[in-house]
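# what would the 3D arrangement of this be:
(one chain, ligands or ions: 2)
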Amino acid sequence: MKVAKFGGSSVASAEQIRKVAAIISEDHDRKIVVVSAPGKRDKNDSKVTDLLIELGELSLATGEAESELQAVLERYRSIAEELKIDGDIITLIETDLRERLATNRHNPGVFMDSIKASGEDNNAKLIAAYLKSTGLNATYLNPKDAGLLVSDEPGNAQVLPEAYDQLIKLRDHEGVIVFPGFFGYSPEGTLVTFPRGGSDITGAILAAGIQAELYENFTDVDSVYAANPNVVNEPVEIKRMTYREMRELSYAGFSVFHDEALIPAFRKGIPVCVKNTNNPSTSGTMIIAEREYFFNPVIGIAADDGFSTIYVRKYLMNREVGFGRRLLQILEDEGLSYEHIPSGIDDTSVILREHQLTDEMQERIIDRIKNELHADDVYIEKDFSMVMIVGEGMHNTVGVSARATAALARAHVNIEMINQGSSEVSLVLGVHQEDADRAVQALYEEFFGASDGTIQ
Ligand SMILES: Nc1ncnc2c1ncn2[C@@H]1O[C@H](COP(=O)(O)OP(=O)(O)O)[C@@H](O)[C@H]1O
Ligand SMILES: N[C@@H](CC(=O)OP(=O)(O)O)C(=O)O
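Ligands and ions are numbered 1, 2, ... in the order given. Next comes the predicted model:
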């Protein structure tokens, strides 16, 4: 049995959905089909999820968002008309959306999750109807009926272990299940979405739940590339990589696959294959537990922006027992998570995602560090990017860091921070955001300049 997930680019139009139907029909092992909301039809288009966020936020703010509602309906209407699906489905989708807009308005988090999730939910119903019209035994299944139980933080659902006791039963379901990605339900019955890009997570949970032989993640590229193709021209294709390598790279900016989606697959040992809906016959990229690495210690280079640094200097900091704990307690009191904390003997930097910080919070943090920790200097800098060099071969290869820093020096990129994970499967370099693309290009040239097109 296989789980096949089709991202927004694969279900963005009638033409794309016909390709999805052909892919499903050609392999009867594709038992569960996870679908996202319609994505972009071209680079200037909008994802339905983004249209729904606009709709929900405007409705909450002003109570009126009719044109935004019609923009969402028009996406489904154009697909349904071209696929010649029964007209009732648009009426059903409109009724559903209006009901969601009228419910949970007192709780913005729950309200927005319901609006966002309608994109996937209604697309799954529409695609199930189309698949049935082609003669396939396909049925829509709602995550609540499937038992996809998740924690209740809006926009940040985490699957609950007890969900797997229910999901295994899907193995006995007749025909093909069409399953909306991106959300589950709390034990209290509240709809909760995963973070953005979360349909990948749904697919991984279901693959783990039914103990699938393979989790296929269909997108719009032939493979996972060694660098973002929007940053490096025609990067080499990766044919095989480990869960750990993909998790590091997708955490650090490879938006082709959600980093949290690897955890359920890794825990149950489900192989993942990233494939192209527009070119399904290619082998794609296999993501597995182990791989041999011979030719290149590095398998990929990623970059993610939107980081801030809280810089703290205090003479003899390294001699003060508990300084680190007290510093992190200040962040914990503000509900902040951090990513890296490189330290010297008299200074330390806490690197965290910028979106967490408000101006008031920054003032409170600086004030507390100065007055409670008696720091000699403390300030916060914004607009950093983290550039990640990843490869299972790095931990027994001498000189990777030297090659990386030399490459950045040649590109005149200043390194603000360097951090090697204890696993040695990744090396993180902090640079200013405006240098990030140049850094990725310089590192790619250093580690892949002589490559012949693919990494085995
Ligand atoms: N290393 C990478 N390899 C392949 N694609 C990448 C990589 N980094 C970023 N991408 C981008 O990810 C896109 C696919 O992800 P996404 O837009 O979420 O697709 P989907 O709509 O299928 O979910 C690709 O079109 C590509 O532009
Ligand atoms: N549609 C949701 C969930 C998702 O995973 O979408 P996609 O498969 O297009 O990345 C989002 O945009 O976040």
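# so what's the residue count around residue 432?
17 (other Cβ atoms under 10 Å). Where you see a C-beta, it was placed from the backbone N, CA and C, and this is true even at glycine.
# partner residues bridging it?
When assigned by DSSP bridges, residue 432 has beta-bridge partners residue 384.
# quick one: pLDDT of it?
Residue 432 is assigned a predicted lDDT (pLDDT) of 96.
# likewise the one 4 residues further on?
According to the predicted model, the pLDDT of residue 436 comes to 97.
# in terms of helices and strands, where is residue 61?
Using DSSP states H and E, residue 61 maps to helix 48-62.
# can that helix be found next to ligand 2?
Yes: counting by Cβ under 6 Å from any ligand atom, ligand 2 is contacted by helix 48-62 at residue 49.
# that helix - what's its average pLDDT?
97.
# same deal with stretch 304-315?
Stretch 304-315 comes out at a mean pLDDT of 96.
# sorry, back to before: what comes up buried for the helix holding residue 61?
48, 49, 50, 51, 52, 53, 54, 55, 56, 57, 58, 59 (16 or more other Cβ atoms under 10 Å).
# repeat that for stretch 290-299.
For stretch 290-299, by 16+ other Cβ under 10 Å, it's 291, 293, 296, 297, 298, 299.
# which residues touch the spatially closest residue to residue 10 that is not a sequence neighbour?
Distances taken as Cβ to Cβ, 6 or more residues apart in numbering place residue 277 nearest to residue 10, at 3.9 Å, with adjacent residues excluded. Contact partners of residue 277, counting by Cβ atoms under 8 Å, 6 or more residues apart in numbering, are 6, 9, 10, 16, 19, 20, 23, 218, 219, 220.
# one more pass at 7 Å, please.
The contact partners of residue 277, by Cβ atoms under 7 Å, 6 or more residues apart in numbering, come to 6, 10, 16, 19, 20, 23, 218, 219, 220.
# and the furthest pair within those?
Checked with Cβ to Cβ, the contacts of residue 277 reach their widest spread between 23 and 220, with 13.3 Å between them.
# show me which residues of the stretch 101-250 of the chain sit near ligand 2.
Close to ligand 2, as judged by Cβ under 6 Å from any ligand atom, the stretch 101-250 of the chain has residues 119, 181, 182, 196, 197, 198, 199, 200.
# only C-alpha atoms, please: export stretch 133-149 in CSV.
Output of stretch 133-149 as CSV, limited to C-alpha atoms (Å, rounded to 0.1, in the frame of the first residue of the first chain):
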residue,chain,number,x,y,z
SER,A,133,-16.8,10.3,-12.5
THR,A,134,-13.8,8.6,-14.2
GLY,A,135,-15.0,5.3,-12.8
LEU,A,136,-12.6,5.0,-10.0
ASN,A,137,-13.9,3.7,-6.6
ALA,A,138,-12.8,6.8,-4.7
THR,A,139,-14.3,8.3,-1.5
TYR,A,140,-13.6,11.5,0.4
LEU,A,141,-12.7,10.9,4.0
ASN,A,142,-12.7,13.6,6.7
PRO,A,143,-9.8,13.6,9.1
LYS,A,144,-12.2,13.5,12.1
ASP,A,145,-13.9,10.3,10.8
ALA,A,146,-10.4,8.8,10.2
GLY,A,147,-9.3,9.5,13.7
LEU,A,148,-6.5,12.0,12.9
LEU,A,149,-6.2,13.3,16.4
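# how far off centre is that stretch?
24 Å (Cα atoms, centre = their mean, to the nearest Å).
# what separation is there between the closest residue to ligand 2 within the chain and residue 176?
Closest residue of the chain to ligand 2, Cβ to the nearest ligand atom: residue 8 (2.7 Å). Residue 8 sits at a distance of 20 Å from residue 176 (criterion: Cβ to Cβ, to the nearest Å).
# all set, thanks.
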